[in-house]
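> Pasted the sequence and its predicted model underneath.
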Amino acid sequence: MVRKKLQFIVSVWVVAGLLNVFAGTQVLAKTVEVFPNVFTIVHGEGSDSNSTFIITKEGVIVVDTRVSPMEAKKVMAEIRKHTQLPILYTINTHYHGDHTFGNQVFRGSKTIIAHKNVRRALTGSAGKDHLDRFKSFKIEGLDEVTVTPPNMVFEKRMEVYAGEYHLQLIHRRGHTNGDLFIHLKELKAVIAGDLIFNGQFPYMGDGYVSEWIDALHYMEDQDVEMVIPGHGDVGGKPLIIAMKHYLLNLRSLVQGQINDGASLQKAKETLHPVLKEKYKNFGKAERIDGNIERTYLELSLKEGS
């Protein structure tokens with residue numbers, strides 16, 4: 001009974017939390033040249049999810065395709081400002097529509113790569129349901145979406161070689177059950193997807209808090225100096241540390257409430273102001289209660305198992 005009640009609470013928050021992904025003032029998109037021939041489009045209309053493209057000698061690799069074909073066409077236009085080489089591969093860091101609903105624009109690459117759980121989430125009725133949920137947010141351009149799942153999947157790790165670049169695709173569950181991050185070892189860089197949000201409270205509606213922390217521990221142990229997050233500006237290794245510390249602090253605070261016998265509502269009332277003050281420089285403060293709920297659910301189910 002407790003499990004079902006908590007699952008209902010979080011399922012309600014998932015919808016509300018996703019709505020807040022697109023709430024508020026949008027910052028115009030800008031393209032940042034992270035390294036020579038490695039570009040990231042940050043911020044933007046309809047969604048602030050980042051999209052990265054890598055221009056190799058053989059062609060272009062695109063990582064995440066934004067929230068709609070309209071937005072994806074802007075990514076393609078930006079690519080064509082720099083090269084006319086073909087699109088070799090498209091990679092999705094996870095299944096959420098703000099990272100995958102532009103996939104159809106890049107079908108010409110023939111190969112869309114992701115973790116196997118991303119294909120499962122975007123195929124058939126699951127993909128339709130996910131699109132319908134996003135349509136309820138009234139984001140422009142979603143009526144044009146044809147859900148386009150990846151057609152090449154992997155389970156734990158995949159190596160991609162293209163021209164002078166070597167990409168290590170590493171699955172670590174955290175933000176969703178299908179996350180991957182990309183390690184560009186020669187550049188000492190990672191494309192982190194939504195395992196990292198820079199400057200805002202993360203969306204945790206599909207998250208696995210303890211595994212997310214483990215994923216960030218793993219990422220931090222790599223030889224990394226540059227980090228491209230799923231949302232927010234590009235930065236250095238401190239982005240990994242900041243994200244990890246937020247999750248560690250959240251987990252510790254919620255566990256303390258559970259140990260004290262606090263209800264979910266009491267935990268939210270107690271912890272919301274604490275987190276808001278401690279992370280007052282973070283945007284998307286409307287996600288705080290949802291993050292407490294998700295963590296409370298995970299820790300409560302763990303104790304009840």
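Perfect, thanks for sending it.

> can you give me the helices in this protein?
2-21, 69-82, 97-100, 116-122, 124-135, 209-220, 238-259, 264-278, 288-304 (DSSP state H).

> closest to residue 155 out of those?
helix 116-122 (5.9 Å; C-beta to C-beta). C-beta coordinates here come from the backbone N, C-alpha and C atoms, glycine included.

> Quick check: mean pLDDT of the closest one?
The average pLDDT for helix 116-122 rounds to 98.

> before we move on, what about stretch 296-305?
Stretch 296-305 carries an average pLDDT of 84.

> Now do it: distance to the chain's middle.
Mean C-alpha position of stretch 296-305 versus that of the full chain (C-alpha atoms, centre = their mean, to the nearest Å) differs by 24 Å.

> low-confidence ranges in the chain?
Along the chain, the model assigns pLDDT under 70 to residues 1-26, 46, 304-305.

> Tell me the strands beside the longest strand seen in it, with direction?
Counting by DSSP state E, the longest strand found in the chain is strand 189-197. Applying DSSP bridges, strand 189-197 is found paired with strand 180-184 (antiparallel), strand 226-231 (parallel).

> What residues sit buried inside it?
Neighbour-count burial for strand 189-197, counted by 16 or more other C-beta atoms under 10 Å, picks out 189-197.

> cool, stretch 177-191 as well?
Buried-residue list, stretch 177-191, by 16+ other C-beta under 10 Å: 177-184, 187, 189-191.

> and if you look at stretch 98-111?
98-106, 109, 111.

> coming back round to it: which residues does the longest strand of the chain contact?
Strand 189-197 has contacts (C-beta atoms under 8 Å, 6 or more residues apart in numbering) with 34-35, 38, 49, 52, 63-64, 93-94, 96, 99, 172, 174-176, 179-184, 202-203, 212, 215-216, 219, 222, 224-232, 239-240, 243.

> Are any of the residues you listed buried, and if so which?
Neighbour counting with 16+ other C-beta under 10 Å marks 34, 38, 49, 52, 63-64, 93-94, 96, 99, 172, 174-176, 179-184, 202-203, 212, 215-216, 219, 222, 224, 226-232, 239-240, 243 as buried within those.

> follow-up on the earlier one: out of the buried residues of strand 189-197, who's nearest residue 157?
Of all those, residue 190 has the smallest distance to residue 157: 14.1 Å, by C-beta to C-beta.

> Tell me how far the closest one lies from residue 171.
In this view, residue 190 and residue 171 are 14 Å apart by C-beta to C-beta, to the nearest Å.

> Same check on residue 269?
37 Å.

> what's the answer for residue 125, then?
24 Å.

> between these two, which one's more packed in?
The residue with more neighbours, out of residue 125 and residue 171, is residue 171; 20 against 7, by other C-beta atoms under 10 Å.

> what number of residues lie near the closest residue to residue 303 other than its chain neighbours?
The shortest distance from residue 303 to any non-neighbouring residue, by C-beta to C-beta, 6 or more residues apart in numbering, is to residue 258 (7.0 Å). As a burial measure, residue 258 scores 17 neighbours (other C-beta under 10 Å).

> pretty sure residue 258 contacts residue 301?
No: if you go by C-beta atoms under 8 Å, residue 258 and residue 301 don't touch, sitting 10.9 Å apart.

> quick one: buried residues of stretch 132-143?
By neighbour count with 16+ other C-beta under 10 Å, stretch 132-143 contains the buried residues 134, 137, 139, 141-142.

> Would you point out which residue is most central in the chain?
Most central in the chain under C-alpha atoms, centre = their mean is residue 194, positioned 2.3 Å from the mean C-alpha point.

> Okay, that residue and residue 232: tell me how far apart.
10 Å.

> Ok, residue 254 next?
According to C-beta to C-beta, residue 254 stands 24 Å off from residue 232.

> for residue 266, same thing?
Going from residue 266 to residue 232 by C-beta to C-beta gives 32 Å.
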